[in-house]
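Undergrad: Any chance you could fold what I've pasted below:
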Amino acid sequence: QVQLVESGGGSVQAGGSLRLSCARSGSTGKWYTIGWFRQAPGKEREGVACIYMDDSTAYADSVKGRFAISQDKTKNTVYLQMNSPKPEDTAMYYCAATSSVVACREAGFPYWGQGTQVTVSS
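TA: This is a model prediction of the structure:
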């Protein structure tokens, strides 16, 4: 059973920084795509950033240049560094994983964490 546990959420002022972590356990297989998604109240869940086994990355246009996704394969952990967050980045952030190479969209990910809340104040 794969488990994904997010941490690092909280409240931050606009222009500050925050780092989210996603720890993966329960599987010794290779994970080809790990993604961060978010869902704000009243909105659909959207892809924020994804990272692949070759360390290539993909970002939503809304976070390019501000957020950075990275991974520590020795710790089975993926990070999302949030720099210069904006109030519109406020959402529940989820980590997701798949053993396939997929686009950074919700439909391709079968495994999800419980989420961590990020609130950005102006």
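Undergrad: Count the residues that sit near the closest residue to residue 69 other than its chain neighbours.
TA: Nearest residue to residue 69, sequence neighbours excluded (CB to CB, 6 or more residues apart in numbering): residue 49, at 4.0 Å. Using the backbone N, CA and C atoms, a C-beta is placed for each residue, glycine as well. A count of nearby residues for residue 49, using other CB atoms under 10 Å, gives 24.
Undergrad: go on, residue 54?
TA: Other residues near residue 54 number 8, with proximity taken as other CB under 10 Å.
Undergrad: Just confirm the residue nearest to residue 69 contacts residue 65, I think it does.
TA: No: using CB atoms under 8 Å, residue 49 is not in contact with residue 65, being 11.8 Å away.
Undergrad: in which helix or strand would I find residue 80?
TA: Applying DSSP states H and E as the criterion places residue 80 in strand 77-83.
Undergrad: Next up, phi/psi of residue 108, please.
TA: phi -90, psi 0 (degrees, to the nearest 10).
Undergrad: I'd say it and residue 100 touch.
TA: Yes: assessed by CB under 8 Å, residue 108 is found in contact with residue 100 at 6.8 Å.
Undergrad: Perfect, that will be all.
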